[in-house]
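S.K.: How does the following fold in three dimensions:
(2 chains, ligands or ions: 2)
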Amino acid sequence: MTAPVQADSQLAQSTLLMKVRGMTMSYGSGTAENKILENLDLDVNTGEFISIVGPSGVGKTTLLRCLSGLLHPKAGTIEVGGAIIDGPHPDLAVVFQDYSRSLMPWMTTRENVAFPLQGKGMNKADRIRVAEENLAAVGLAGQGGKYPWEMSGGMQQRVAIARALAYNAKVLLMDEPFASVDAQTRFDLEDLVIKLKQEFGVTILLVTHDIDEALYLADKVVVIAEKPATVVDVIVTGFGEERDQVDTKADPRFGEARARILHRLRKN
Amino acid sequence: MTSATLTAAQPRAARKVRRAGGPNTGTRILQSTWLVFVVLAAWWVFSARSTNFFIPSLEQILTVLVRDLGNGVIMAGALYSLANLFVGLLVAAALGIGFGLLLGEVGWLCRIVDPIIHFFRSVPQAALVPMIIGVFGLGQGPKMGTIAFACLWPILLNTIDGVLGVEPTIRKFSKVYRIPRGLHFRKVVLPAALPQIVAGVRVALPIGITVMVVSEMFASTEGLGFYILNSSATFQVPETWAGALLVGVVGYIISMLFILAERRMLRWYYASGSQ
Ligand SMILES: Nc1ncnc2c1ncn2[C@@H]1O[C@H](COP(=O)(O)OP(=O)(O)O)[C@@H](O)[C@H]1O
Ligand SMILES: [Mg+2]
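M.R.: Residues are numbered from 1 along each chain as shown, chains lettered A, B, ... in the order given. Ligands and ions are numbered 1, 2, ... in the order given. Purely as a prediction, here's the structure:
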């Protein structure tokens, strides 16, 4: 690992929320074993926005599945708030890559958002209230009665984000959340996520193959590459809280960091 | 359980709900039923001059039908038969959906019972009637039981198939968001499998009606099956035809009612145009 481009005093002070050590993961076994992740370390501080960037097929989805408890890593540990976790955890919420398929078509958007809260044992009135609040937070106030299939892709993704927010987890894990929407919607959703992070103080771990997106969103960009994949670089962006689709991307540090990541990824 | 996939009935293809501004209701009903009237008219005309004792004229058949409907002979029989059908289907649906959800979720259990399910599914259900009635006796209970047994298999198979077809991303969602097991079954798996389940019940309906009639042909003194068998044994040919016609009409009406209920229950499915 290389030193950060710019030290960020604010980040240095924040507390460690999630700690991944030596994570190794493979599919299959014996001669057919396909190693995907090797000895991967990751630190996530409270309130931090981390982008994990890497080429397609490197193992980003696999990594998020391990973190969210859907897969058991072959080796390594995951700690949240100091405790080792093994399996799905109430402090972790996931926004899936194919979001439209993760919403249930037999429920309205309000019901979709409220449903995990029912699983937590919250009463109906509170569930509905929380669902409406979170729908409003993602810009879908008053749209709770609609079904997901009555909505555009961008709106469905907002519903999926509202569902993750309502679950009230400490960390949001997002798997290429904006990969299948048009460019303008993508910018809107990126800015929405930045706003939500500031408003709710939620910690976000976002995976993407898009270097610009990774840099624009994150406080810290973790570059993974090689096969099996491991962390090859960590860049602290240092753009501060305020981001702008034009100005931030025109920042010389943005271009510098992009070149550094591109260079690192093309080495393979 | 790929074998279940091969044999399960498919839910009807979803399509967009009809938009306003199409042909009006009267025109639409006429469009979908005119052939029935043509067939009836042809039947009436061609059977009118029949001299074959076993092919009475439609006029005769309808006269007998109206008479026996009026004097309550058929009504009592129909109520008895429909009660059997209703209870039998209900039991089959409860067992089929319950076990289907369980078997669909628990892979190893499903693999164990798979051959048994396919064996019973392949036996012609009407052939079981004399055996079941022979063993359990002549009352109404064994008849209901026979109908339930016959209807169970398509519902069970389709439920399993529906459960296996639940969108993997939704399963992942349910797991990551730690949806408790009971809630997961009721609100995730059951609704997701419902289109398949309903298709299974739709397949079970005519099987149930067949077994209903056949079960009343064995030493029974009640029901539509008995009416048909009894009239045929005493050479009251128009009554036999009237009974068969009535069973057909009743079956058709039940199917129509079922489709109406289905459209309502699966509104999201048809409206979303999914799958
Ligand atoms: N369920 C699976 N079984 C076997 N191999 C898999 C599975 N899922 C992914 N892979 C393989 O693991 C590698 C990484 O996949 P993935 O984590 O989806 O990459 P990314 O999300 O970075 O595009 C790919 O080569 C893929 O073929
Ligand atoms: Mg992926």
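
S.K.: and residue B:220, that's in a helix?
M.R.: No - assessed with DSSP: H, G, I helix; E, B strand; the rest coil, residue B:220 is coil; it does not lie in a helix.

S.K.: Once you drop chain neighbours, what's closest to it?
M.R.: residue B:226 (4.7 Å; Cβ to Cβ, 6 or more residues apart in numbering or on different chains). (C-beta placed from N, C-alpha, C; glycine too.)

S.K.: gap between the residue in the stretch 151-268 of chain A that chain B sits nearest to and residue A:234?
M.R.: Residue of the stretch 151-268 of chain A nearest chain B, by Cβ to the nearest Cβ: residue A:167 (6.2 Å). According to Cβ to Cβ, to the nearest Å, residue A:167 and residue A:234 sit 28 Å apart.

S.K.: Comparing those two, which residue is more hemmed in?
M.R.: Between residue A:167 and residue A:234, counting by other Cβ atoms under 10 Å in any protein chain shown, residue A:167 is the more crowded of the two (24 against 18).

S.K.: my read: the more buried one touches residue A:93, true?
M.R.: Yes - if you go by Cβ atoms under 8 Å, residue A:167 and residue A:93 touch, sitting 4.5 Å apart.

S.K.: Give the intersection of the neighbour lists for the two.
M.R.: Shared contacts of residue A:167 and residue A:93, defined by Cβ atoms under 8 Å, 6 or more residues apart in numbering or on different chains, are found at residue B:177.

S.K.: after the helix or strand of chain A with the lowest mean pLDDT, next one along is what?
M.R.: Least confident helix or strand, chain A: helix A:9-13 with a mean of 48, by mean pLDDT, DSSP states H and E. Of the helices and strands lying after helix A:9-13 in sequence (DSSP states H and E), the nearest is strand A:16-27.

S.K.: contacting residues around that next one?
M.R.: Residues from elsewhere that reach strand A:16-27, judged by Cβ under 8 Å, 6+ apart: A:33-46, A:48, A:59, A:62-63, A:66-67, A:71, A:73-81, A:170-171, A:203, A:205, A:228.

S.K.: helices and strands around the helix or strand following that strand, which ones?
M.R.: Counting by DSSP H and E, the next helix or strand C-terminal to strand A:16-27 is strand A:34-45. Counting contacts by 3 or more Cβ pairs under 8 Å, 6 or more residues apart in numbering or on different chains; DSSP states H and E, strand A:34-45 is packed against strand A:16-27, helix A:60-67, strand A:203-208, strand A:230-236.

S.K.: And for stretch B:153-163, what's in contact with it?
M.R.: By Cβ under 8 Å, 6+ apart, the residues outside stretch B:153-163 that reach it are B:1, B:4-5, B:7-9, B:92-93, B:95-97, B:99-101, B:103-105, B:110, B:117, B:120-121, B:189, B:192-197, B:199-201, B:203-204, B:207.

S.K.: Write the PyMOL selection for whichever of these are buried.
M.R.: In PyMOL, a selection of the buried entries from these looks like this (16 or more other Cβ atoms under 10 Å in any protein chain shown):
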select buried, chain B and resi 1+4+8+9+92+93+95+96+97+99+100+101+103+104+105+110+117+189+192+193+194+195+196+197+199+200+201+203+204+207
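
S.K.: Do a quick rundown of the helices in the stretch 51-200 of chain B.
M.R.: Remark: helices assigned in the stretch 51-200 of chain B by DSSP state H, counting those that start in this stretch are B:58-70, B:73-105, B:107-122, B:125-136, B:140-164, B:168-176, B:181-183, B:190-215.

S.K.: distance of the residue lying farthest from the centre of chain B from residue B:265?
M.R.: Within chain B, the residue lying farthest from the chain centre (Cα atoms, centre = their mean) is residue B:176, at 38.6 Å. Look at residue B:176 and residue B:265: by Cβ to Cβ, they are 29 Å apart.

S.K.: Filter the contacts of strand A:16-27 down to the buried ones.
M.R.: Buried subset of the contacts of strand A:16-27 (neighbour count, 16+ other Cβ under 10 Å): A:36-38, A:40, A:42, A:44-45, A:48, A:59, A:62-63, A:66-67, A:71, A:73-74, A:76, A:78, A:80, A:170-171, A:203, A:205, A:228.
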